[in-house]
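**Student:** based on what follows, work out the 3D shape:
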Amino acid sequence: MFNCPHAKKCGGCSYNNIPYEKQLEKKEGRVRGLFAQLPGYKSFKPDRIIATSPYHYRNKVHGVLGFKNSRIISGLYSEDSHHVVSVTDCLIEDEDASAVIAGVAELAGPFKYTAFDEDRGRGFLRHVLVRVAHSDGVKKLLVVIVTALREFPRKNDFVKALTGRFPMIETIIWNYNPKRTSMVLSDNNTVIYGPGYIVDDMLGLRFAISAGSFYQVNHEGAERMYSLARDLAGLTGKERVLDAYCGTGTIGMLMCDKAESVMGVELCESAVRDAVFNKKLNKLKNYRVLCADATKYITGLRGENAFDVVIMDPPRAGSTPAFIDAVVHSG
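**Tutor:** Residues are numbered from 1 along each chain as shown. The predicted structure follows:
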């Protein structure tokens, strides 16, 4: 176990200063508590799936920019505030991604960029978001630079300096977000270097990751989780599969080789576009994706036995009682 030097100031991680075995006990206790509320599950004990390493796994890293001693720093907001805690060596973040964020802060000085002050609403650089992918054994980074101003002075020179320092960078996106909101990204994206996405290999398929794509932040955990879901589905090649809340299509596409057909349903238009791109990238002929609300879609089937298997990965708020009821009564 490593003791995080930023834990007390940052507040980003609840468990990192607890031994990993104790972390597992706490998580198991929470899961058992949830299942204990259901009939017949009071003695339920979930299996533990232990991570190879609980450190530096996070492939999506967000850094905030701020001022300290007249220089720009990168880090995270301390809990419930706009105070930026300087963090360049987070224990759960991918180390190369963290280095890129620190590099943006270091280069900002020579380019005379200012950090955005959330309380005063002034400044230029707001956030840096880095996403990590591995394709054909090569590590690639996607970098999103979020600014509060519409103009990006010496943009091309800055891109050249950043990519010269970090050759792993595959693409850079400039996101203009002037709104004083907790949302890191706006819809205003401009690709200023590379193709605008990176490609990640997962369980034999390839998935494009763009600035706002939903993609599991723990690659190893995702592969193990998706493999387990695929095994539990028990597909024989004859099943029609519904992938509800499909996002960019990852789980459903990984079942295409074992299913007759897979239908993805997703409400977010940008995620649907990513799913269409991923379908083409993997040349999947038995996959379709529909832009629709999952609950409205499945209740609209009116009990029709359209699918043999339903898989779901709903957003943080969860699914709806109507969706669950429709699945139960679909036959």
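**Student:** look up phi and psi at Glu93.
**Tutor:** For Glu93, the backbone dihedrals are phi -80, psi 150 (criterion: degrees, to the nearest 10).
**Student:** residue ranges with poor pLDDT in the stretch 51-200 of the chain?
**Tutor:** Across the stretch 51-200 of the chain, the ranges flagged by pLDDT under 70 are 78, 80-81.
**Student:** which parts of it are helices?
**Tutor:** All helices of the stretch 51-200 of the chain, identified by DSSP state H, counting those that start in this stretch, fall at 95-108, 155-165.
**Student:** so which of the ones you listed is nearest Ser210?
**Tutor:** When the helices of the stretch 51-200 of the chain are compared by CB to CB, helix 95-108 sits nearest Ser210, at 16.0 Å. For every residue, glycine as well, the C-beta is placed using N, CA and C.
**Student:** can you pull the buried residues of that closest one?
**Tutor:** In terms of neighbour count (16 or more other CB atoms under 10 Å), helix 95-108 has its buried residues at 96-108.
**Student:** with distance to Cys90 added, can I get those in JSON lines?
**Tutor:** Output for those, formatted as JSON lines (distance: CB to CB, whole Å):
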{"residue": "Asp96", "distance to Cys90": "12"}
{"residue": "Ala97", "distance to Cys90": "9"}
{"residue": "Ser98", "distance to Cys90": "6"}
{"residue": "Ala99", "distance to Cys90": "11"}
{"residue": "Val100", "distance to Cys90": "13"}
{"residue": "Ile101", "distance to Cys90": "10"}
{"residue": "Ala102", "distance to Cys90": "11"}
{"residue": "Gly103", "distance to Cys90": "15"}
{"residue": "Val104", "distance to Cys90": "15"}
{"residue": "Ala105", "distance to Cys90": "14"}
{"residue": "Glu106", "distance to Cys90": "17"}
{"residue": "Leu107", "distance to Cys90": "20"}
{"residue": "Ala108", "distance to Cys90": "20"}
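**Student:** and of those residues, the nearest to Glu260?
**Tutor:** Nearest to Glu260 out of these is Ala97 (CB to CB; 39.5 Å).
**Student:** so who does the closest one touch?
**Tutor:** By CB atoms under 8 Å, 6 or more residues apart in numbering, Ala97 lies in contact with Arg58, Asn59, Val61, Val130, Arg131, Val132, Leu141.
**Student:** hang on, the fourth one packs against Val100?
**Tutor:** So the one you mean is Val130. Yes. Using CB atoms under 8 Å, Val130 is in contact with Val100, at 5.1 Å.
**Student:** want to try a markdown table for the helices of the stretch 51-200 of the chain, with distance to Gly75 as columns?
**Tutor:** As requested, these are exported to a markdown table (distance: least, CB to CB, whole Å):
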| stretch | distance to Gly75 |
| --- | --- |
| helix 95-108 | 9 |
| helix 155-165 | 18 |
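**Student:** the ones you listed: which one's closest to Met225?
**Tutor:** Met225 sits nearest to helix 95-108 of all the helices of the stretch 51-200 of the chain, at 21.7 Å, using CB to CB.
**Student:** from Asp157, how far off is the closest residue to Val104 other than its chain neighbours?
**Tutor:** Leaving aside its sequence neighbours, Val104 sits nearest to Val128 (CB to CB, 6 or more residues apart in numbering; 4.9 Å). According to CB to CB, to the nearest Å, Val128 and Asp157 sit 17 Å apart.
**Student:** same deal with Pro195?
**Tutor:** 21 Å.
**Student:** now swap in Ala326 and tell me
**Tutor:** Between Ala326 and Asp157 the distance is 56 Å, computed by CB to CB.
**Student:** look at Val128 and Asp157 and report which has more neighbours.
**Tutor:** The neighbour comparison of Val128 against Asp157 (other CB atoms under 10 Å) goes to Val128, with 24 against 12.
**Student:** mind listing the residues bridging to that one?
**Tutor:** Counting by DSSP bridges, Val128 is bridged to Gly63, Ile145.
**Student:** looks like it contacts Thr147 (just checking).
**Tutor:** No. With contact defined as CB under 8 Å, Val128 does not count as touching Thr147 (10.4 Å).
**Student:** roughly how far is stretch 148-157 from the heart of the chain?
**Tutor:** Distance of stretch 148-157 from its chain centroid, counting by CA atoms, centre = their mean, to the nearest Å, is 27 Å.
**Student:** again, but for stretch 53-70
**Tutor:** Distance of stretch 53-70 from the chain centroid (CA atoms, centre = their mean) equals 15 Å.
**Student:** next, the buried residues of it.
**Tutor:** For stretch 53-70, burial by neighbour count (16+ other CB under 10 Å) applies to 54-66.
**Student:** pipe these into TSV and attach distance to Ser270 per row.
**Tutor:** What follows is those, written out as TSV (distance: CB to CB, whole Å):
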residue	distance to Ser270
Pro54	31
Tyr55	31
His56	28
Tyr57	25
Arg58	22
Asn59	19
Lys60	16
Val61	21
His62	18
Gly63	23
Val64	24
Leu65	25
Gly66	29
